[in-house]
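Participant: Kindly generate the corresponding structure for this input.
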Amino acid sequence: MLRGRGVRPLIKHREFKPYDRAANARMDKELYGQRNMAETANSVIKRRYGDHVRSRKCHHQFREIIGKCIVYNIERAIKSLVLNIQAIIQKLFYKA
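Facilitator: From the prediction side, this is the model:
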């Protein structure tokens, strides 16, 4: 089902055999880096907002998880905005 849609696993093989090394060599390094960023985001969300959901029904669990992701994205956007404003202020007022 997923392979038909072009989905490929991005899990490196343990290199015991030559075909394991070959499979790792064929892996797209850029996509593997994106997987790493996604795992980091999952870890941060779990640490900040808890690693469990309180809802019992499946669709409520999904909404709860989506809510956590939205809050995380808003926090990231605000942090990025604050850092950009600080950089602009520093350029304008602290010329050395």
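
Participant: most residues in a single helix of this protein, which one?
Facilitator: Assignment by DSSP state H gives helix 58-93 as the longest helix of the chain.

Participant: Report the buried residues of it.
Facilitator: With burial defined by 16 or more other C-beta atoms under 10 Å, the residues of helix 58-93 counted as buried are E64, K68, Y72. Where C-beta positions appear, they are placed from N, C-alpha and C, glycine not excepted.

Participant: burial measure for the residue nearest to the second one when sequence neighbours are not counted, as a count.
Facilitator: When the adjacent residues along the chain are set aside, K68 lies closest to Y49, with 4.6 Å between them (C-beta to C-beta, 6 or more residues apart in numbering). By the criterion of other C-beta atoms under 10 Å, Y49 has 16 neighbours.

Participant: Report pLDDT for Y49.
Facilitator: pLDDT for Y49: 96.

Participant: Please apply the same query to R8.
Facilitator: pLDDT for R8: 79.

Participant: So what does it look like in phi/psi?
Facilitator: phi -130, psi 140 (degrees, to the nearest 10).

Participant: what does D20 give?
Facilitator: According to degrees, to the nearest 10, D20 has phi -70, psi -40.

Participant: what about dumping the CA coordinates of stretch 81-88 to PDB?
Facilitator: Taking C-alpha atoms only, stretch 81-88 is exported to PDB below (Å, rounded to 0.1, in the frame of the first residue of the first chain):
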ATOM      1  CA  LEU A  81      10.300  36.100  15.300                       C
ATOM      2  CA  VAL A  82      11.800  37.300  18.600                       C
ATOM      3  CA  LEU A  83      15.300  36.200  17.400                       C
ATOM      4  CA  ASN A  84      14.900  38.100  14.100                       C
ATOM      5  CA  ILE A  85      13.700  41.200  15.900                       C
ATOM      6  CA  GLN A  86      16.700  41.100  18.300                       C
ATOM      7  CA  ALA A  87      19.100  40.800  15.400                       C
ATOM      8  CA  ILE A  88      17.500  43.800  13.700                       C
END
